[in-house]
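Engineer: Sequence plus predicted model, see below.
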Amino acid sequence: MIISASRRTDIPSYYSEWFINRLKAGYVYVRNPMNPRQISEVSLSPEVVDGIVFWTKNPAPMLDRLNELRDYTYYFQFTLTPYGTDIERNIPSKNGVIIPIFQKLSSLIGKERVIWRYDPILLNAKYTAQYHLKYFRVLCDRLADHTEKCTISFLDLYKNIRRSITPLGIHPPTSGQNEELTGRFCEIAKEHNLYIDTCAEEIDLRTYGVGHASCIDRNRLERIGKYKLTIERDKNQRAACGCVSSIDIGAYNTCRNGCVYCYANFNQTIVGDCCQKHDPSSPLLFGEITNADIIKPRKMKSLKDRQNTLQNI
């Protein structure tokens, strides 16, 4: 089974100590976001975890602890955009802090294990199409030697983000702007020996040689881990999503990045309350287990094809 850590929150940035503690304990508790009284006990044993996919904007707290991941196959989805603190409120300087961290992470684990995400692409009076083209090139100049590709997506107008984006005049690009930006991005990426794919975008961009990304990527895990996986597409994701199935161990309303476009944080007051309830030694990301909770072990098994691994050849 593959562990997603996490689409719901930035575990590397804010909860790396907790995560390493859970690896040592060999399991983690995950509340069902649709039924909070139900808790799954998810094994983190290397015997059943075939890979871990980290999602982050700042993995600095994990850089000195990567050796503790030595028993696992893993890679990072690293979001790095040219937005300022008006959009990504709690992210440090991109030029002074985040870009060097991206470069360092790649030097430590290899560029095949650091996926650059430039998403979501949004527009307003400040962040124009020309702004994106200028700074996409700047970022390519800095990151091209440290990754293999860039995954892009365009802003989705989720109901729970409208209040935060409206004062900033933020809106998604039109379909025409999507195509124009993608075409120009592809030209720039090609100059830097990078390729582009899209995350869960229904728009057909094959004219530009752009396909759908698999953020939880069987092929990448197989290449890194030198094994074969027998695993199906994640049926819980959107039709345009190429991800294979995984178990997410994060929780909504626990990310302190403060991005105005984030679908995973519904209310900043709730985020503050949840973060205060975090205990690095707890099996839960936040909060406590109560008598009303029902804890059930999640059925898990390795999906490696034992007959087709490079170790056996």
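Structural biologist: Arrived safely, thanks for sending.

Engineer: Would you confirm that Glu68 contacts Asn21?
Structural biologist: No: taking contacts as C-beta atoms under 8 Å, Glu68 lies outside contact range of Asn21: 10.1 Å. (Glycine included, C-beta is placed from N, CA and C.)

Engineer: What is the neighbour count of Cys150?
Structural biologist: Using other C-beta atoms under 10 Å, the number of residues around Cys150 comes to 26.

Engineer: which SS state does it fall under?
Structural biologist: Here Cys150 is recorded as strand under DSSP: H, G, I helix; E, B strand; the rest coil.

Engineer: Which residue is the nearest non-sequential neighbour of it?
Structural biologist: Trp116 (4.7 Å; C-beta to C-beta, 6 or more residues apart in numbering).

Engineer: Same question for Asn90.
Structural biologist: Gly258 (4.3 Å).

Engineer: who touches that neighbour in this structure?
Structural biologist: Gly258 makes contacts with Glu88, Arg89, Asn90, Gln268, as judged by C-beta atoms under 8 Å, 6 or more residues apart in numbering.

Engineer: Kindly report the same for Cys199.
Structural biologist: With C-beta under 8 Å, 6+ apart, Cys199 has these contacts: Arg117, Asp119, Thr151, Ile152, Ser153, His212, Ala213, Cys215, Cys241.

Engineer: With Ile188 instead?
Structural biologist: Shown in contact with Ile188 (C-beta under 8 Å, 6+ apart): Leu133, Phe136, Arg137, Cys140.

Engineer: Of these, which belong to strands?
Structural biologist: Per DSSP state E, strands hold no members of the contacts of Ile188.

Engineer: Show me which of these is closest to Ile295.
Structural biologist: Nearest to Ile295 out of these is Phe136 (C-beta to C-beta; 45.9 Å).

Engineer: Check whether that closest one really touches Ile121, as I assumed.
Structural biologist: No: here Phe136 lies out of contact with Ile121, judged by C-beta under 8 Å, at a distance of 9.3 Å.

Engineer: one step back: go through the contacts of Gly258 and name the one nearest Gln103.
Structural biologist: Closest to Gln103, out of all of those and judged by C-beta to C-beta, is Glu88, at 19.2 Å.

Engineer: Can you report how many residues lie near the closest one?
Structural biologist: 21.

Engineer: For the stretch 101-250 of the chain, which segments count as strands?
Structural biologist: 114-121, 149-154, 195-198, 211-212, 247-248 (DSSP state E, counting those that start in this stretch).

Engineer: Ile289 reaches Ile39, doesn't it?
Structural biologist: Yes: with contacts counted by C-beta under 8 Å, Ile289 reaches Ile39, the gap being 7.2 Å.

Engineer: With neighbour numbers in mind, choose between these two.
Structural biologist: Neighbour comparison, Ile289 and Ile39: the larger count goes to Ile39, with 20 against 13 (by other C-beta under 10 Å).

Engineer: Nearest residue to that one in space, please, no chain neighbours.
Structural biologist: That would be Ile295: by C-beta to C-beta, 6+ apart, it lies 4.6 Å from Ile39.

Engineer: Shouldn't the one you found be within a strand?
Structural biologist: Yes: assigned with three-state DSSP, Ile295 falls within a strand.

Engineer: how near is Ala264 to Glu68?
Structural biologist: 26 Å (C-beta to C-beta, to the nearest Å).

Engineer: which of these two has more neighbours?
Structural biologist: The residue with more neighbours, out of Ala264 and Glu68, is Ala264; 21 against 14, by other C-beta under 10 Å.

Engineer: What helix or strand is the more buried one located in?
Structural biologist: Assigned by DSSP states H and E, Ala264 belongs to neither a helix nor a strand.

Engineer: So it sits against Arg7, correct?
Structural biologist: Yes: judged on C-beta under 8 Å, Ala264 makes contact with Arg7 at a distance of 7.2 Å.

Engineer: Which residues are in contact with each of these two?
Structural biologist: What both Ala264 and Arg7 touch, as defined by C-beta under 8 Å, 6+ apart, is an empty set.

Engineer: Now for Phe19: which residues touch it?
Structural biologist: Per C-beta under 8 Å, 6+ apart, neighbours of Phe19: Ala5, Ile11, Pro12.

Engineer: That one falls within a helix, correct?
Structural biologist: Yes: Phe19: assigned to a helix according to three-state DSSP.

Engineer: Check the gap between it and Pro283 for me.
Structural biologist: 12 Å.

Engineer: so which of the strands of the stretch 101-250 of the chain gets nearest Lys228?
Structural biologist: strand 247-248 (20.0 Å).
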